[in-house]
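In: next come a sequence and a model predicted from it.
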Amino acid sequence: MYDLEDLYQEIVMDHNRRPRNFGELKEPTTTADGFNPLCGDQITLQLSLEDGVVVDVAFNGVGCAISKSSASMMTEELKGKTLEHAENLFEAFRKMITRTPGESYDSDLLGDLEILQGVSQYPARIKCATLAWHTLHSAIQDGNEVVSTE
Amino acid sequence: MFDVEKIRLDFPILAKEIFGNPLVYLDNAATSQKPRQVIDALVDYYENFNANVHRGVHTLSMEATDKYEDAREKVSSFINSESSDSVIWTRNASESLNLVAYSWGENNINEGDEILLTPMEHHSNLVPWQELARRKNADIKFIPMLENGTLDMDRVDDLITEKTALVSAVHMSNALGTINPVRELGVKAHRMGAKILVDGAQSVPHMPTDVQELNCDFLVFSGHKMLGPTGIGALYVKKEILESMEPFLTGGEMVLEVSYEEASWADLPMKFEAGTPNIADSIGLGSAVDYLNVLGMENVREHEKDLTTYALNRFKNADLEGLDLFGPDDPNIRGGVFSFNTPDVHPHDLGTFLDRIGIAVRTGHHCAMPLVRSLGVAATARASFYLYNTKKEVDILVDGVTEALRYFRDGPN
Ligand SMILES: Cc1ncc(COP(=O)(O)O)c(C=O)c1O
């Protein structure tokens, strides 16, 4: 109708209405908080890790449709993946969202996450889409630190 | 006569289209648009009068100085200051507040003193006092707020004590639209020997302001919210207080006599204006004041009150399930600012949706984070009106919000 569908694709709206992996894990091994002071969006991300593999993941918090659906899709994508793969996804996702028109990104690696590529046309919404991913990134970084001190 | 359709023709930007829709500019609390007259005054200055002020014997410098000081006179009369010596140019309301916090606050706030604020202050009338209080070991207190977004005035007498050194309050809230009884606060402050500062950033642009009638000690405001350029604002200080204040910034322009060891200060107001000032934008603000005077501030206020009454009704009667509209519902104590929240649609999504149909609103915390948090939400959407807005634009807004709620509930179509 208003060309908004690039941003609010049906799948995005569905994740917004029914976010997956929304809630808390019983026994998370890593927890990280993300906050966007500009808009008040807040997310808590919990990971359950075993030998560098994400066996379970959950998120909680408040946010707009873009940040909520981005977090929801991210959690779906992460299950069963190694942390190394998760970091690669983070880089690829960030590149896709912040790209300038015409710039390419790794659509094979991103798979279903490509649904959010339209956000790159809405500079004011980039931070909404990347909040969950930055939170993941910091969870992984801190998680590694904990591992290295053990 | 106040003819809004005719007024709109003075604002070139209002003819702009956003994604093929006419621009409906409802972010006036952030900054206002500028009429052709103000834009022309800037161009006229640079094309015909550009020179540094107060420095040259040459014709251009004298012409520039005249225009610059003339603008100060205009702003001074606009707020009915006793003298233009009481009007200091700053960059904006924030700088004006910092000037007071340093130049007055450093010497007048002592350990154990209290600064009384309201819970609806903009960060710029909060953080400078937090910092001052930290430096001085002073305390900050807040006048409680009622459910409807007005101050609990019954509590004020207990809160202003002999410890209170300053009461600083926003005249019109940029987040709620509430118009606070700052004159009454001033009477109560003075009774206990405290000073009163009025944050006029949202009131000076929208209603008549008379510093003598308000009997305020300090008034701060920004030019860019009242049709003027960005980068110019003002501070009014009662003369006897201003005379006792130390300079904020030092250097050129603000000195009388300088030796290698020391300096003496220039007379008011230049004592507070170090360096080459913002000449062009002061003149631009003078031209904005001319424009507002032709319309008449009483008429501006009437027009906006009319819009406010209309908008309050439309919001109330529209099919806006669960919409929470903050602030008082009496247009006599409310300006044209509408902050709202919808349980099912985040303000960001609403803002993006409205932008696509040409409506510019602000979303977020509106530089009043503690207030927005106390409303129990992370963010709100805010539509704020000015003299060139119309009832038709109120309709477009309310219809737009209605449509957005449906879109996010049911999806496209
Ligand atoms: C009530 C109030 N006070 C102070 C300010 C600060 O104004 P400026 O950003 O121009 O310094 C604003 C601007 O948003 C405001 O609304």
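Out: Right, received. Where do you want to start?

In: dihedrals phi and psi, the residue in chain A positioned nearest to the ligand?
Out: Using C-beta to the nearest ligand atom, the single residue of chain A nearest to the ligand is A:Leu38, 15.0 Å away. All C-beta spots, glycine's among them, are computed from the backbone N, C-alpha and C. Main-chain dihedrals, A:Leu38, degrees, to the nearest 10: phi -60, psi -40.

In: was I right about it contacting B:Arg362?
Out: No. In this structure, A:Leu38 is not within contact of B:Arg362 by C-beta atoms under 8 Å, at 11.7 Å.

In: which one of these two is surrounded by more residues?
Out: Of the pair A:Leu38 and B:Arg362, B:Arg362 is the one with more neighbours under other C-beta atoms under 10 Å in any protein chain shown, namely 24 against 14.

In: for B:Ile196, give me the backbone phi and psi.
Out: Main-chain dihedrals, B:Ile196, degrees, to the nearest 10: phi -120, psi 130.

In: quick one: residues contacting it.
Out: Applying C-beta atoms under 8 Å, 6 or more residues apart in numbering or on different chains to B:Ile196 gives the contacts B:166-169, B:182, B:185-186, B:189-190, B:215-218.

In: now do 7 Å
Out: When contacts are counted by C-beta atoms under 7 Å, 6 or more residues apart in numbering or on different chains, B:Ile196 touches B:167, B:185-186, B:189-190, B:216-217.

In: just the strands in chain A please.
Out: For chain A, the strands defined by DSSP state E occupy A:30-36, A:41-50, A:53-62.

In: wait, which of the ones you listed is closest to B:Met153?
Out: strand A:53-62 (33.7 Å; C-beta to C-beta).

In: now that closest one: mean pLDDT?
Out: What strand A:53-62 shows for mean pLDDT is 95.

In: now the angle between strand A:41-50 and that strand, please.
Out: Interaxial angle, strand A:53-62 versus strand A:41-50 (axes from the mean of the first three to the mean of the last three C-alpha atoms, to 10 degrees): 160 degrees.

In: packing partners for strand A:53-62?
Out: Packing partners of strand A:53-62 (3 or more C-beta pairs under 7 Å, 6 or more residues apart in numbering or on different chains; DSSP states H and E): strand A:41-50, helix A:65-78.

In: neighbours around residue 118, how many?
Out: Since no chain was named, I'll use chain A. 20.

In: oops, chain B please
Out: Applying other C-beta under 10 Å, we find 24 residues neighbouring B:Thr118.

In: just B:Thr402 next, same as before
Out: Counted with other C-beta under 10 Å, residues neighbouring B:Thr402 total 15.

In: I'd like the mean pLDDT over the helix or strand containing it, please.
Out: Applying DSSP states H and E as the criterion places B:Thr402 in helix B:391-410. For helix B:391-410, mean pLDDT is 95.

In: angle of it against helix A:65-78?
Out: For helix B:391-410 against helix A:65-78, the angle by the same axes, to 10 degrees is 20 degrees.

In: tell me the buried residues in helix B:391-410?
Out: Going by neighbour count (16 or more other C-beta atoms under 10 Å in any protein chain shown), the buried part of helix B:391-410 is B:393-394, B:396-398, B:400-401, B:404-405, B:407-408.

In: tabulate these (JSON lines), appending distance to chain A.
Out: JSON lines is the format used below for these (distance: C-beta to the nearest C-beta, whole Å):
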{"residue": "B:Glu393", "distance to chain A": "18"}
{"residue": "B:Val394", "distance to chain A": "20"}
{"residue": "B:Ile396", "distance to chain A": "14"}
{"residue": "B:Leu397", "distance to chain A": "16"}
{"residue": "B:Val398", "distance to chain A": "17"}
{"residue": "B:Gly400", "distance to chain A": "10"}
{"residue": "B:Val401", "distance to chain A": "14"}
{"residue": "B:Ala404", "distance to chain A": "10"}
{"residue": "B:Leu405", "distance to chain A": "13"}
{"residue": "B:Tyr407", "distance to chain A": "8"}
{"residue": "B:Phe408", "distance to chain A": "7"}
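
In: closest one of these to B:Met369?
Out: Closest approach between the buried residues of helix B:391-410 and B:Met369, by C-beta to C-beta: B:Val401, at 23.6 Å.

In: now do the same contact list for that closest one.
Out: By C-beta under 7 Å, 6+ apart, the contact list for B:Val401 reads B:320, B:350.

In: quick check: chain neighbours aside, which residue is closest to the residue in the stretch 301-413 of chain B that chain A sits nearest to?
Out: As assessed by C-beta to the nearest C-beta, chain A sits closest to B:Ala378 within the stretch 301-413 of chain B, at 3.0 Å. Setting aside the residues directly before and after it, B:Ala378 is nearest to A:Gly40 in space (C-beta to C-beta, 6 or more residues apart in numbering or on different chains), at 3.0 Å.
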